[in-house]
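S.K.: A predicted structure for the sequence below; I have some questions about it.
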Amino acid sequence: MDTYLSSIGRSEALASDIAADPSSYTTLTGERPTGPLHLGHLFGTIRERVRLQDLGVRTTVVLADYQVITDRDAIGQVRQHVYDAALDNLAAGIDPEKSIIFTHSAVPALNQLMLPFLSLVTEAELHRNPTVKAELAASGRALSGLLLTYPVHQAVDILFCKANVVPVGKDQLPHIEMARTIARRFNSRYGAVFEEPQALLTSAPAVPGLDGRKMSKSFGNAITLSMTPDETVAMVRRTPTDSDRYISYDPAARPGVSALLTIAGLCTGRDPGVIAVDIGGGGAGSLKDCVAESVNSFLAEHRRRRADLAADPDYVRSVVRHGNERANEIAEQTLSEVRAAMGTVY
């Protein structure tokens, strides 16, 4: 707890510094393109990166396509998922004139940085990472080398562009600490190349899935950003609730009903408990109508911009292609600095 409280204090000071001098900061955030992005992505990460971009922070968005196979056998329709993720970031306000959207696999220098970075961490440190342990437990499969080194992949993504601020939630702090450790050890062993990145703890709300669990594509409980209004209505209507007609907000006793109220609250800016009181004895039907209307109203402008962008697929592809070119330039420069520091320039 003391460590977390210290992290909060450092994050608050960092937020003040960013607001005062945003041009001194570079940020890296991103997604694994495993499927359509959903409300959880929009509230959890996308809106924060747009905010930082608009403040004047240099913003880099990685669509980590290689990381799709950390916990699965096949890469699936990753190309379409990449373009869909780019669409949603653009629709949400990411400006390709200010920010970079790129794919991990298109930047070979990132994977060349993996080798020296791997030499700076121990196997025990990788095994201790909570995300590695959680992903391994959820997969039910043997631990692959890719999953074990997942935290180092993330460190490479952060450090290649010299990101010095990374917006994260509490559960992602160990990844930032891994990147800081690698930067510190590299600088100590070879010479100063990297700044240690700092964690900017976000106040992003937890967005539950329609069934009360975490909103996730794999659970089939997500409202995706690419859904039509009619698809959203149908998705919400077929969500099971419970037999009590009177609507109340009680996450422990009524997780399904409370999840729907939470989603409506996030989309309207209202307290979910107040929404429950308003619905009262209206039953599940009234609750679901409220949720569907709230989501559709909240996403209306995003969907309009998304449809406009989707009508010109060449533009979206060009954004990713140009982002890959810019990311390659940055990564090659960083790799050159790493090689010079290590004495491997021939």
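M.R.: Okay, I see it.

S.K.: Span of stretch 82-102 from start to end?
M.R.: Chord length of stretch 82-102, first to last residue, is 9 Å (CA to CA, to the nearest Å).

S.K.: Nearest spatial neighbour of Pro313, chain-adjacent residues omitted?
M.R.: Nearest residue to Pro313, sequence neighbours excluded (CB to CB, 6 or more residues apart in numbering): Tyr83, at 7.3 Å. In short, each C-beta sits where N, CA and C put it, glycine included.

S.K.: now Gly169
M.R.: According to CB to CB, 6+ apart, the nearest residue to Gly169 is Thr202 (6.2 Å).

S.K.: List the contacts of that neighbour.
M.R.: By CB atoms under 8 Å, 6 or more residues apart in numbering, the residues touching Thr202 are Gly44, Thr45, Glu48, Pro167, Val168, Gly169.

S.K.: In stretch 338-346, which of the residues would be classed as buried?
M.R.: Within stretch 338-346, the residues scored as buried using 16 or more other CB atoms under 10 Å are Val338, Ala341.

S.K.: How about stretch 158-170?
M.R.: Buried residues in stretch 158-170 (16+ other CB under 10 Å): Ile158, Leu159, Phe160, Cys161, Lys162, Ala163, Asn164, Val165, Val166, Pro167, Val168.

S.K.: Distance of Leu90 relative to Val316?
M.R.: 7 Å (CB to CB, to the nearest Å).

S.K.: Touching both of those two, which residues are there?
M.R.: Leu309.

S.K.: can you map out the strands along this structure?
M.R.: 26-31, 58-63, 99-103, 165-168, 198-201 (DSSP state E).

S.K.: any chance of those in TSV, plus mean pLDDT and distance to Ala179?
M.R.: Listed next are the strands of the chain as TSV, based on pLDDT from 0 to 100; distance: least, CB to CB, whole Å:
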stretch	mean pLDDT	distance to Ala179
strand 26-31	96	9
strand 58-63	98	13
strand 99-103	98	18
strand 165-168	92	8
strand 198-201	92	10
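
S.K.: These: which one's closest to Gly220?
M.R.: strand 26-31 (18.6 Å; CB to CB).

S.K.: on that earlier part again, confidence score at the residue nearest to Gly169?
M.R.: Thr202 is assigned a predicted lDDT (pLDDT) of 84.

S.K.: Assess the claim that Tyr150 and Tyr66 are in contact.
M.R.: No. Look at Tyr150 against Tyr66 with CB atoms under 8 Å: they stay out of range, at 10.3 Å.

S.K.: Show me which of these two is the more surrounded one.
M.R.: Set Tyr150 next to Tyr66 and count neighbours by other CB atoms under 10 Å: Tyr150 wins out with 22 against 18.

S.K.: which residue sits closest to Ala327 in space, ignoring its chain neighbours?
M.R.: Phe102 is the one closest to Ala327 (CB to CB, 6+ apart), at 3.8 Å.

S.K.: There's contact between that neighbour and Asp65 in this structure, I believe.
M.R.: No. Using CB under 8 Å, Phe102 is not in contact with Asp65; the gap is 10.1 Å.

S.K.: Give me the more crowded residue out of the two.
M.R.: Phe102 (30 against 21).

S.K.: For that one, list the residues it contacts.
M.R.: Applying CB under 8 Å, 6+ apart, the residues contacting Phe102 are Thr60, Val61, Val62, Leu63, Val320, Gly323, Asn324, Arg326, Ala327.

S.K.: ok, now how distant is it from Val165?
M.R.: Applying CB to CB to Phe102 and Val165 gives a distance of 18 Å.

S.K.: which regions of the protein sit below the pLDDT cut-off?
M.R.: 1-2 (pLDDT under 70).

S.K.: need the longest helix for this protein.
M.R.: helix 313-342 (DSSP state H).

S.K.: With Val121 as the reference, measure out to the nearest residue to Glu123 once chain neighbours are set aside.
M.R.: Spatial nearest neighbour of Glu123, chain neighbours left out: Leu148 (7.9 Å); criterion: CB to CB, 6+ apart. According to CB to CB, Leu148 and Val121 sit 10 Å apart.
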